[in-house]
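Visitor: Here is my input, please return the structure:
(2 chains)
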Amino acid sequence: MDTRRVVLIAAALLVLLSGRFAAQRPAAGQGGAAGSARAAATDDYTGYWVSEVTEKWRFRMLVPDKNDYTMVPLNPEGRRVAATWDPSKDQATGEACRGYGAAALLQVPGRLHVTWQDDNTLRIDTDSGTQTRLFHFGGAAPAAEKPSWQGYSAAEWGGDEPRDRRDGQGGPVQDKEGRLIVDRAQQKPADYLKVVTTRLRPGYLQKNGVPYSGNALVEDYFETFSDPYTKNTWLVVTTMVTDPQYLIEPLLMHAHFKKLPDASGWDPTPCTANEPR
Amino acid sequence: MGSDAMHSKRTALILLLLALASRPASAQVDLTGEWSPRVYNDHMDIGDYTGIPINEPGRLRAEAWHPEQLDLPENLCRPHPIDIGLRVSVSQLRITTERDDETRQPVGLRLHVAWQEPEQVIYMDGRPHPSANAAHKWSGFSTGHWERNALVYTTTHLKEAYLTRTGVPKSPMATVTSRVHRYGNVLTIVFIINDPLYLTAPYIRESSWIFDPNQIIPPFPCEISPDGTIVPAGKVPSFLPGKNDVLTEFATEYGIPLEAALGGEETLYPEYIKKMKTMKVAPRTSTEHYRRAQ
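Guide: As a prediction, this is how the structure comes out:
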């Protein structure tokens, strides 16, 4: 084979294989100033989404009974507080939004509207409870941030980490001190949204008064993809709530949402203490 | 050899190396290790089909199911298919690299689950799925690929089984697409179950595990009791159509309209909350509430 032909074959291979790899990336295409979180987004989370409740249905589509905290790792103090739940009192005292705080908001059946508030702030509005979560890229909570239902959410594009090579291909890539060596070739691409929320007002993990405290740490991991059967676009969130005051271990929850073409069905409701949404 | 030829050869070599390097990596993320489950244990009651986009034939099959079916000798040690095996207690999970017997090169991943010890090999070496006429197995046949850092695998050739532990059926026509994503020390699997026989839409559900390198998965010995020791010999536990006398207990126990408890695609969406307010609910009473814990 002459050299020119080898060059041509190699170039063709490069184009084909690069194309295959690129085809796996979703088109984010959200604009934004260079260097901003919006410009760096690898996935497009914006648009309207609707909850699809396939699990924990009776805990989400209904208000569960008092003291029904099956599947929540409550400690004795958490159980004691759950037993004091009084929705009438919550409604009367301006605490009706306790079931719509950041730890549980995405569990409440409803619709989401996701937009970029600015180049470094992703915004989620919910019709259930008419709440707004703001995901701030590039910073921790300001010291003076007051506790609120949605707290302060620090966001980053997750997954952009050193690639782990412990797959039988030669062991981890480490330096002399055992630290993973990082360079561009060994970096995985970011492919999910990580949000860490603090500065919360005490709220409920379920509408029936199962508590989380103001010291709770809420981690959300968002992923979006198209399913191979219907070609619908889905948003899946895995939420981990760490709250030693009321939980014996972190609570893991999931919710998924189907993308909608428009705002049809958007049904804003106020916070209500004794309704599922 | 002239300098032009040398230059061309060097260019060719660089391009070839680049081409090889641009292939999807064999492992984007290390998923191997021991994973400790964080389980919901949903759908443990007879008559609880909530949140499942079940169709009428699926509902008829589910209503005919009797919990004593699990006590028949032939069913006592019957494994769950992996997609439900990963969701029932205690679904401790071990993921290891699967290697070719002869070359010892990685060909995919192997999942091992504690309860009933189902195993699943996810081939990632490009091999095709077998013919539609090939044998169906409890773990089916799975092939996977990486979509950036998510492992996506499709399972076909599954035996007929259940979606829940209380008899909601899954046909042998069903296929399952699973997405495995590692978020630090949290592993989440999204299951997308497509069953043209018993579902009107794909059924999506999720599970998560926490990385636990010290986890020890014990053996799961299972012994079959002789015929007639649990269920009288010759009895075929089932309910004839319309004769399931425990079907309504879940709905009655929790104050749910019976129609809602029996599932269906419409019941999955927020609008259904309003509709339920117009539906008849049986007076709430404490019932036998036939619960199947295992």
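
Visitor: unless I'm mixing things up, residue A:145 is touching residue A:199, no?
Guide: Yes. In this structure, residue A:145 is within contact of residue A:199 by CB atoms under 8 Å, at 4.8 Å. Just so you know, the C-beta spots here come from the backbone N, C-alpha and C atoms, and that holds for glycine as well.

Visitor: Looking at these two now, which is surrounded by more residues?
Guide: Shown here are residue A:145 and residue A:199; by other CB atoms under 10 Å in any protein chain shown, residue A:199 has more neighbours (17 against 12).

Visitor: So for residue A:145 and residue A:199, which residues contact both of them?
Guide: Residues touching both residue A:145 and residue A:199 (CB atoms under 8 Å, 6 or more residues apart in numbering or on different chains): residue A:152.

Visitor: touching chain A at all, the one helix or strand residue B:36 maps to?
Guide: Using DSSP states H and E, residue B:36 sits in strand B:33-38. Yes. Strand B:33-38 is in contact with chain A by CB under 8 Å from any CB of the partner chain, via residue B:38.

Visitor: Quick check: can you name the pairing partners of that strand and their directions?
Guide: Note on strand B:33-38: by DSSP bridges, its sheet partners are strand B:93-99 (antiparallel), strand B:203-211 (antiparallel).

Visitor: And the contacts of the shortest one?
Guide: Spelled out, it's strand B:93-99. With CB under 8 Å, 6+ apart as the test, strand B:93-99 has contacts from A:167-168, B:31-35, B:37, B:86, B:105-114, B:121-123, B:187, B:209, B:215, B:217.

Visitor: Would you state the helices of the chain in chain order?
Guide: Here I'm looking at chain A. For chain A, helices defined by DSSP state H occupy the ranges A:3-23, A:37-40, A:57-60, A:76-82, A:87-92.

Visitor: wait, chain B
Guide: Taking DSSP H, the helices of chain B run over residues B:3-21, B:56-64, B:73-76, B:82-85, B:249-254, B:258-261, B:271-276.

Visitor: What's the local residue count around residue 76?
Guide: Using chain A. Residue A:76 has 9 neighbouring residues, counting by other CB under 10 Å.

Visitor: Let me rephrase: I mean chain B.
Guide: Neighbours of residue B:76 using other CB under 10 Å come to 13.

Visitor: And it, how far from chain A?
Guide: 27 Å (CB to the nearest CB, to the nearest Å).

Visitor: got the contact list for that residue?
Guide: Contacts of residue B:76 were listed using CB under 8 Å, 6+ apart, and they are B:70, B:222-225.

Visitor: on that earlier part again, deepest-packed of the strands paired with strand B:33-38, please.
Guide: strand B:203-211 (a mean of 22; mean count of other CB atoms under 10 Å in any protein chain shown).

Visitor: ok, now which ones touch the residue positioned nearest the centre of chain B?
Guide: Nearest to the mean C-alpha position of chain B, counting by CA atoms, centre = their mean, stands residue B:83 at 1.5 Å. By CB under 8 Å, 6+ apart, the contact list for residue B:83 reads B:155, B:158, B:176, B:178, B:191, B:193.

Visitor: With distance to residue A:54 added, can I get these in a markdown table?
Guide: Putting these into a markdown table (distance: CB to CB, whole Å) gives the following:
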| residue | distance to residue A:54 |
| --- | --- |
| B:155 | 19 |
| B:158 | 19 |
| B:176 | 14 |
| B:178 | 15 |
| B:191 | 10 |
| B:193 | 10 |
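
Visitor: now the residues you listed in a markdown table, with neighbour count?
Guide: Formatted as a markdown table, these follow (neighbours: other CB atoms under 10 Å in any protein chain shown):
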| residue | neighbour count |
| --- | --- |
| B:155 | 24 |
| B:158 | 25 |
| B:176 | 23 |
| B:178 | 24 |
| B:191 | 20 |
| B:193 | 25 |
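
Visitor: which one of those residues is nearest residue A:229?
Guide: Closest approach between these and residue A:229, by CB to CB: residue B:193, at 9.3 Å.

Visitor: thinking that closest one is in contact with residue B:203, fair?
Guide: Yes. With contact taken as CB under 8 Å, residue B:193 and residue B:203 are classed as touching, separated by 4.4 Å.

Visitor: so what's in contact with these two at the same time?
Guide: Shared contacts of residue B:193 and residue B:203 (CB under 8 Å, 6+ apart): residue B:163.

Visitor: Do a quick rundown of the strands in the chain.
Guide: No chain specified, so I'll use chain A. For chain A, the strands defined by DSSP state E occupy A:47-51, A:111-118, A:121-126, A:132-137, A:152-158, A:192-198, A:203-204, A:211-212, A:217-226, A:233-242, A:251-260.

Visitor: The chain in question should be chain B.
Guide: In chain B, strands defined by DSSP E lie at B:33-38, B:93-99, B:106-113, B:119-123, B:141-147, B:150-156, B:161-162, B:169-170, B:175-183, B:186-194, B:203-211, listed in chain order.

Visitor: Just the buried subset of the contacts of residue B:76, written out for ChimeraX, thanks.
Guide: Applying 16 or more other CB atoms under 10 Å in any protein chain shown to these, the buried members can be selected in ChimeraX as follows:
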select /B:70
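
Visitor: and of the contacts of residue B:76, the nearest to chain A?
Guide: residue B:70 (21.8 Å; CB to the nearest CB).

Visitor: hang on, the earlier thing: okay, the strands of chain A in a markdown table with distance to residue B:262 and mean neighbour count next?
Guide: Formatted as a markdown table, those follow (distance: least, CB to CB, whole Å; neighbours: other CB atoms under 10 Å in any protein chain shown):
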| stretch | distance to residue B:262 | mean neighbour count |
| --- | --- | --- |
| strand A:47-51 | 20 | 21 |
| strand A:111-118 | 25 | 18 |
| strand A:121-126 | 29 | 20 |
| strand A:132-137 | 35 | 20 |
| strand A:152-158 | 39 | 19 |
| strand A:192-198 | 36 | 22 |
| strand A:203-204 | 29 | 24 |
| strand A:211-212 | 33 | 28 |
| strand A:217-226 | 30 | 21 |
| strand A:233-242 | 25 | 21 |
| strand A:251-260 | 22 | 22 |
